[in-house]
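Chemist: Fold the following, please.
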Amino acid sequence: MNADRVSGAFFLLFGLSLYFLIIPNYVEYVDGSNISPTTMPNIIALVIAISGSILMLKPTTQTIRDPHKMVITGMYVAVLTFGIYAMSLWGFEYVAPVIAFAIMWLIGERRPLWLLSGIVIMPTLIWFIVTYLLERALP
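Modeler: Numbers count the residues shown, from 1 in each chain. Predicted coordinates:
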């Protein structure tokens, strides 16, 4: 078994489960909108499934990953998991800047202007677009 075939199969099944199970059951229908709220998630789910199937059919030669990089990836996943949970407790407005700072710091960003834009400007822009333009609630 090639690593690409296994990960391709995972993403194929993941994309299909998103498309057929998760999105239809957990995305609400909105009357009177020009575009259905399921349109973009369905497109992304299909892209994930198609990409997984391509990876299964045309695998590359992979080497074993550096364990240090795997630990760093695990830290990213832990920060994002904690962030999602924290958003359910305290809300997007308070948690998003902290999570943005943590991720930017973990990837090595130390320039003040980039940190400021990632911590202040991007969460504010996301909040404005989702809340006012799309008229959806954030956690």
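Chemist: Against residue 87, how distant is residue 99?
Modeler: The gap separating residue 99 from residue 87 is 8 Å, by C-beta to C-beta, to the nearest Å. In this view, the C-beta of every residue, glycine as well, is placed from N, C-alpha and C.
Chemist: and residue 81, which of the three is it?
Modeler: Put simply, residue 81 is helix when judged by DSSP: H, G, I helix; E, B strand; the rest coil.
Chemist: pLDDT score for it?
Modeler: Here, the pLDDT recorded for residue 81 equals 94.
Chemist: Pull the number of nearby residues for it.
Modeler: 10 (other C-beta atoms under 10 Å).
Chemist: Same question for the closest residue to residue 83 other than its chain neighbours, what's its three-state structure.
Modeler: Nearest non-adjacent residue to residue 83, counting by C-beta to C-beta, 6 or more residues apart in numbering: residue 99, 3.8 Å away. Secondary structure for residue 99, judged by three-state DSSP, is helix.
Chemist: which residues touch the most centrally placed residue in the chain?
Modeler: For the chain, the residue nearest the mean C-alpha position is residue 80 (9.1 Å; C-alpha atoms, centre = their mean). Residues in contact with residue 80 (C-beta atoms under 8 Å, 6 or more residues apart in numbering) are 99, 103.
Chemist: So, low pLDDT: which residues of the chain?
Modeler: Where the chain drops to pLDDT under 70, the residues are 1, 63-64.
Chemist: Show me the helices in it, by range?
Modeler: 3-17, 23-26, 39-57, 67-90, 92-106, 112-116, 122-128 (DSSP state H).
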